[in-house]
Every structure is written in C-alpha cells, then in structure tokens.
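Undergrad: show me how the following folds:
(one chain, ligands or ions: 1)
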Amino acid sequence: MSEGILLPVVARGTLLPLAERLVRLDEALPQIRAVMRGETDAVAIESTLACLLWQTMVHVSWCGFYRRVDERTLAVGPYQGTMGCLRIDLARGVCGACARTAQIQLVPDVALFPGHIACDDATRSELVLPVVHQGRVEAVLDLDSMHHDAFTMDEAHRLEALLGEAFASARF
Ligand code: SME
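TA: From the prediction side, this is the model:
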C-alpha cells in the first residue's frame, strides 16, 4: 500500500457537503485501521494518522498531534499542513482546553473561542480530540480548517473511535 489509501482525488481546501465528507471518511476508515493494525509506537501511529487523515479530510489546513510533555505543556508532534506553534501552554487555546478537560472541542468559529491561538491567521474552525491512554491525556489530535463550521460531531465520533483503537496498545 505504498500510495496510501484509495480515495477519489479532491483539491485541498474543498469543503464537501457533510454527507460526502462522511462517505469519504467511512471509505477511508477501514483502510486506515488495516494500515495501523499491530503498531504500538506512538510516533509511528501519530505520523501515519496525520498523513492518512490529511489525505482523507481535504477540508483541513492542518492535521496533526500535540503531545503532552509535562503537566502544563503540549509540544507539536507529527503533522501535515502549514507550520504549527511549537509549544502550547495547557492554559491556552483549543488544544489546551482539550488536554485539560479530556473532552472533544468542536469550534465552528475560532474568533469566538476565548484564548484561541492563531498559529495560522487563516484558520476559521477547529476540531480537537483527546488521546487518552491509561486514564491520562497523552496527546491531542488537532484538525484546523480555513472554512467556518467545517467540522461536525459525526466526524468527531468516528475519529474518537479510530483514536481509541489506534492508541489502545501504544507506547508513549
Ligand atoms: N489553534 C490551536 C493551536 C494549534 S495550531 O492552530 C496548529 C489552538 O488554539 O489550540
């Protein structure tokens, strides 16, 4: 599978209608699960998910992980897209809120999120999911889009299930 996953090519930045986004994600997920099966190295898992979710979710402008490196700091991990901030204080931003609360953060308009960190001024909406391992938030998956309101809980719940499986036996 050297070409990654098999999906129709759609231009980066396109916001497909939700139904089409879900069809695309549902086609990709079994392929992503097959690729990831048996992998236990957290960086290998994060890198591969960043690559394959980037390929699948063409409406994202940034797709990747921030890793919890101490009690109050996230450091950037494997990602695709424009350059991300290197470190994020847990007290700040959408990623910080996700890491602090272990709750999915769905932000349709980042301008309305207090303390949003603009690594890229063009970001309009975000979805951030926790990677919880043995009761601790080890990382977050951050997805950003240049479109307002680019994410839904339908997508979030599919990604949540994928993260749960992908990191179940991970070594951080
Ligand atoms: N916007 C995020 C920071 C991460 S970058 O956008 C890649 C936040 O507020 O957490």
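
Undergrad: where does Leu127 sit: helix, strand or coil?
TA: What DSSP: H, G, I helix; E, B strand; the rest coil gives for Leu127 is strand.

Undergrad: burial measure for the residue nearest to it when sequence neighbours are not counted, as a count.
TA: Leaving aside its chain neighbours, Leu127 sits nearest to Phe151 (3.9 Å; criterion: C-beta to C-beta, 6 or more residues apart in numbering). For the C-beta atoms, the positions are set from N, CA and C on the backbone; glycine is no exception. Neighbour count of Phe151, defined by other C-beta atoms under 10 Å: 25.

Undergrad: what of Gly135?
TA: Neighbour number of Gly135 under other C-beta under 10 Å is 6.

Undergrad: how close does it sit to the ligand?
TA: Separation of Gly135 from the ligand (C-beta to the nearest ligand atom, to the nearest Å) stands at 23 Å.

Undergrad: dihedrals phi and psi, that residue?
TA: Here is the backbone geometry of Gly135 (degrees, to the nearest 10): phi 80, psi 0.

Undergrad: can you check the pLDDT for it?
TA: Gly135 is assigned 92 on the pLDDT scale.

Undergrad: swap in Ala139?
TA: With respect to pLDDT, Ala139 has a value of 98.

Undergrad: run a quick neighbour tally on the residue in the chain that the ligand sits nearest to.
TA: Closest to the ligand within the chain is Gly93: 2.9 Å, counting by C-beta to the nearest ligand atom. Neighbourhood size, Gly93 [other C-beta under 10 Å]: 26.
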